[in-house]
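Chemist: Predicted model and sequence follow; I will ask about them next.
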Amino acid sequence: MRIFDPHIHMTSRTTDDYAAMAAHGVKAVVEPAFWLGQPRTNPGSFADYFDSLIGWEPFRAAQYGIKHHATIALNPKEANDPRCRGVLDLMPRYLDKDGVVAVGEIGYDAMTPVEDEVFAAQLAMAVEFELPALVHTPHRDKAAGTKRTLDVVKESGIEPGHVLVDHLNEVTVGIVKDSGCWMGFSIYPDTKMSPPRMVDILKEHGLERMLVNSAADWGKSDPLLTVATAEAMLAAGFTTDDVDLVLWQNPVAFYAQSGKLDLAESATEATFEGSSILRGGS
Amino acid sequence: MKLDELRAALAGHEWLAEAEVRVKADPAALPSLFARADRKLGRDEVVPGWTAGQAGRALLLKDQDQEQIRQLYDHGDAAEKLAILKALPLLDTEREGAGVPLLLDALRTNDTRLVAAALGPYAEHLDAATWRQGVIKVVFMGVPLAAVADLDERADAELATMLRSLADERAAAGRDMSADAIALLNRWEA
């Protein structure tokens, strides 16, 4: 079984997680830029964070044979702090980078006018840089937020096939399916979505344009819930090809639209196996 | 290695020729072209130790001033930083050692590729104390010492003392030091 986790915040995870993920078949991840537990107060903090997503974190992942790509954005929550608005000016230089395969996470948190503006501006950047967009849907007032999200996506002129709308559930999946966008589901220990519920959604809505992620971060979350969902699919009678479609081929197809998804093994990584992290840091 | 050899190895790559023309006409186009060079030129080795992307990036740095090179490095991802570190000894503008701050930055990282590149030929501009710390770091990280330029010429009694200390620490922990580091130490203690 090969697993591509299309949404996981590895910066917040330990090397034990990388080892467990690799042992269970996770071979590639995408790490979206998002908020941290502690709100940031200036663009410089974001620059260092973005640099980590295209520098240190891919290197760390490579020590465990995992390919790491990133998405870059000013997230909706911090977009509401005027001190962070300058992050939008930093974005073009990051969107050019090899490891950046989408604009994201963008979308709504509290659905403020500022969020409207920043969401639309970043969808325009996705069009300009010919990148797909990863769109977060709000945790509060999700149904209304998802509907409004799809309206903004439509208005922006971006191809629906270039948009992944994430954190969906039984209530919001239908309208996203009808929009032509890709559908993301974050499998969480207690909250957003569980493996058995996910299996039911796949039974009802099919496997096309469906993506499953762990969205594991600094909160209570589990990077192996992608694997648990794959196992729940098999137990429910789905085939190994079905599992491969949802847990590998779909995320590859979505992010490959960037023209930058690189899943080849690098010679450099092989040469320098046994680096500082495996040896306990320097 | 010389820039001319890299250019010969990339003969026929139209993207590079066009990129060089564009940079000449509009220097502000450089950061974006530099970022795209790897995926446009490819990651296959074209001369020993140089991928097409690295060679192309070195050629894009020709005629750039130090400030521009420093900004490309600061704004670069790991592969861009690596290409700049490799290119430093080939660039006229960096001949006097102006690029040393970039090496110091690379030596502070935990990325084995960057640390190794910082100890290439351009490390001749590093002072002895910094260079020794770099060599010990390479040994500590398990990177082959072949990455260190002029190792035998530059190794000194103080480096041997540091290596001995690391070897003793490893022995106390029941761990080995890498074979190439032990060989270097043996040459000094013989």
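Modeler: Received, thanks.

Chemist: Apart from its chain neighbours, what residue comes closest to the closest residue to chain B within the stretch 101-250 of chain A?
Modeler: Closest to chain B within the stretch 101-250 of chain A is residue A:129: 10.1 Å, counting by CB to the nearest CB. Every residue, glycine included, has its C-beta placed from N, CA and C. Nearest residue to residue A:129, sequence neighbours excluded (CB to CB, 6 or more residues apart in numbering or on different chains): residue A:95, at 4.4 Å.

Chemist: hang on, the earlier thing: tell me, what's the model's pLDDT at the residue of the stretch 101-250 of chain A closest to chain B?
Modeler: At residue A:129, the model reports a pLDDT of 98.

Chemist: what's near enough to touch it?
Modeler: A:92, A:95, A:96, A:103 (CB atoms under 8 Å, 6 or more residues apart in numbering or on different chains).

Chemist: Equivalent analysis for residue A:118, please.
Modeler: Per CB under 8 Å, 6+ apart, neighbours of residue A:118: A:74, A:76, A:79, A:85, A:88, A:106.

Chemist: between these, which has the most around it?
Modeler: Counting neighbours by other CB atoms under 10 Å in any protein chain shown, the top entry in the contacts of residue A:118 is residue A:106, with 31 neighbours.

Chemist: got the phi/psi numbers for it?
Modeler: The phi and psi torsions at residue A:106 (degrees, to the nearest 10) take the values phi -110, psi 180.

Chemist: For it, give the beta-bridge partners.
Modeler: Residues in a beta bridge with residue A:106, per DSSP bridges, are residue A:135.

Chemist: wait, doesn't it sit right on residue A:77?
Modeler: No. Judged on CB atoms under 8 Å, residue A:106 makes no contact with residue A:77 at a distance of 11.4 Å.

Chemist: residue contacts, the residue nearest to residue A:129?
Modeler: A:72, A:103, A:125, A:129, A:131.

Chemist: where exactly do the strands run in the chain?
Modeler: Since no chain was named, I'll use chain A. All strands of chain A, identified by DSSP state E, fall at A:3-5, A:26-32, A:67-72, A:100-107, A:133-136, A:163-165, A:182-186, A:210-213.

Chemist: other chain: chain B
Modeler: B:45-47, B:50-51.

Chemist: Ok, which of these comes nearest chain A?
Modeler: strand B:45-47 (8.0 Å).

Chemist: Provide the strand pairings for that closest one, with the direction of each partner.
Modeler: According to DSSP bridges, strand B:45-47 has these partners: strand B:50-51 (antiparallel).

Chemist: still on that earlier bit, so which of the contacts of residue A:129 sit within helices?
Modeler: A:92, A:95 (DSSP state H).

Chemist: how about the contacts of residue A:129 in TSV, adding distance to residue B:146 and pLDDT?
Modeler: Output for the contacts of residue A:129, formatted as TSV (distance: CB to CB, whole Å; pLDDT from 0 to 100):
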residue	distance to residue B:146	pLDDT
A:92	39	97
A:95	37	98
A:96	33	97
A:103	41	98
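
Chemist: Most neighbours among the contacts of residue A:129, please name it.
Modeler: residue A:103 (32 neighbours).

Chemist: show me what contacts that one?
Modeler: A:71-73, A:91, A:95, A:122-123, A:125-126, A:129, A:131-134.

Chemist: Throw the residues you listed into TSV and include distance to residue B:55, thanks.
Modeler: Formatted as TSV, the contacts of residue A:103 follow (distance: CB to CB, whole Å):
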residue	distance to residue B:55
A:71	29
A:72	27
A:73	33
A:91	29
A:95	25
A:122	35
A:123	37
A:125	31
A:126	31
A:129	26
A:131	27
A:132	30
A:133	34
A:134	34
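
Chemist: Got the confidence number for the residue sitting nearest the centre point of chain B?
Modeler: Taking CA atoms, centre = their mean, the centroid of chain B lies closest to residue B:117, which sits 2.4 Å from it. pLDDT for residue B:117: 97.

Chemist: tell me the domain ranges of chain B?
Modeler: When chain B is parsed with automatic domain parsing, its domains come out as B:1-96, B:107-190.

Chemist: is chain A contacted by the last one?
Modeler: Yes. Domain B:107-190 reaches chain A (CB under 8 Å from any CB of the partner chain) through B:109, B:110, B:111, B:112, B:113, B:116, B:137, B:140, B:141, B:142, B:143, B:144.

Chemist: neighbours around the fifth one, how many?
Modeler: What it means is residue B:113. 24.

Chemist: ok, now the third one?
Modeler: When neighbours are counted by other CB under 10 Å, residue B:111 registers 22.

Chemist: can you map out the helices along chain B?
Modeler: B:3-9, B:14-25, B:30-41, B:52-61, B:66-74, B:78-87, B:100-108, B:112-118, B:128-141, B:151-154, B:157-172, B:179-189.

Chemist: looking at those helices, which is closest to residue A:208?
Modeler: Comparing the helices of chain B against residue A:208 with CB to CB, the closest turns out to be helix B:30-41 (28.8 Å).
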